[in-house]
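[1] here are the coordinates; sequence isn't available:
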Ligand SMILES: C[S@@+](CC[C@H](N)C(=O)[O-])C[C@H]1O[C@@H](n2cnc3c(N)ncnc32)[C@H](O)[C@@H]1O
């Protein structure tokens, strides 16, 4: 029997907050604020209209719904039943269609290998015990030539200072304990896991927050938050 690549404490954390997922002033404010930007980037890169897309670690469905609104046929998977419940309920409000399923990336890859044109796995790798296993599952899920996108947090003094001390303690953008520094992943490590899984990293892009203007932007600074686009061999 294989063990589930999940940390129950992490899932519990997201489940407890799940009812506030769609409140743009809640703990999920940063996800609401970065969503239009990351959605545009994914759409520009992978042309979402008509694509079959899997959103791994979809939570309450902020990105899943965004991709569905661009014309993609989206499946969202997560291991928090509560987050998926909120995601399903929100479809009544948005009128969009997304198939939400409680399953791990690894189990989904065993059931539906090479079935997706695009796989997204955003802000999730830093919450799992074995990110390489999640990355390998994403690689199995995507069709040859398809696109896989990841976003996560870099690991260095600056990311510790900004993502934990700054965001959780000083600016209070996120609840204390949201992130565990030891689970942050350097772009070089993420790229290596991707290549080992048969994914070619093609673009690495940074995402920064300006505390004065309170605006997020994409750019060259990958020191804290970053996104990576890969294609399947
Ligand atoms: C910060 S939220 C990101 C949600 C969404 N990807 C986004 O960017 O809008 C992290 C999500 O990962 C999920 N998660 C954590 N560990 C997981 C695992 N092992 N398998 C699937 N989902 C997991 C949590 O339940 C939560 O919904």
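    Here it is on my side, so go on. Everything numeric in this text was worked out from a predicted model, so none of it was measured.

[2] can we go C-alpha only for contacts and neighbour counts from here?
    Will do.

[3] can you tell me the residue of this protein closest to the ligand?
    Proximity of the chain to the ligand (C-alpha to the nearest ligand atom) peaks at residue 59, 3.1 Å away.

[4] can you pull the contacts of that residue?
    Applying C-alpha atoms under 8 Å, 6 or more residues apart in numbering to residue 59 gives the contacts 14, 77-78, 80, 83-84, 87.

[5] For the residue nearest in space to the middle of the chain, give its distance to residue 195.
    For the chain, the residue whose C-alpha lies nearest the mean C-alpha position (C-alpha atoms, centre = their mean) is residue 122; its distance is 1.2 Å. Per C-alpha to C-alpha, to the nearest Å, residue 122 is found 18 Å from residue 195.

[6] what sits opposite the closest residue to residue 191 other than its chain neighbours in the beta ladder?
    In space, residue 191 comes closest to residue 201 once its chain neighbours are excluded; the distance is 6.3 Å by C-alpha to C-alpha, 6 or more residues apart in numbering. Beta bridges link residue 201 to residue 230 when assigned by DSSP bridges.

[7] And the pLDDT at residue 201?
    At residue 201, the pLDDT value in this model is 98.

[8] now do residue 108
    At residue 108, pLDDT is 98.

[9] So what does it have for phi and psi?
    Recorded main-chain torsions at residue 108 are phi -60, psi -40, according to degrees, to the nearest 10.

[10] burial of it, as a residue count?
    Residues near residue 108, counting by other C-alpha atoms under 10 Å, number 19.

[11] Quick check: what element follows the lowest-mean-pLDDT helix or strand in the chain along the chain?
    Lowest by mean pLDDT, DSSP states H and E among the helices and strands of the chain is helix 157-159, with a mean of 92. Per DSSP states H and E, the first helix or strand lying C-terminal to helix 157-159 is helix 187-196.

[12] Give me the contacts around that following helix.
    Taking C-alpha under 8 Å, 6+ apart as the rule, helix 187-196 contacts 132, 135-136, 139, 154, 200-201, 226, 230.

[13] got the residues of the protein near the ligand?
    5-6, 10-11, 14, 31, 57-59, 62-63, 78-80, 104, 121-124, 127-128 (C-alpha under 6 Å from any ligand atom).

[14] Show the buried residues in the residues you listed.
    By neighbour count, with 16 or more other C-alpha atoms under 10 Å, the residues of the chain next to the ligand hold 6, 10-11, 14, 31, 57-59, 62-63, 78-80, 104, 121-124, 127-128 as buried.

[15] so of these, which ones are in strands?
    If you go by DSSP state E, those have 78, 121-122 in strands.

[16] Need those in TSV (columns: pLDDT).
    Below are those laid out as TSV (pLDDT from 0 to 100):
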residue	pLDDT
78	98
121	98
122	98
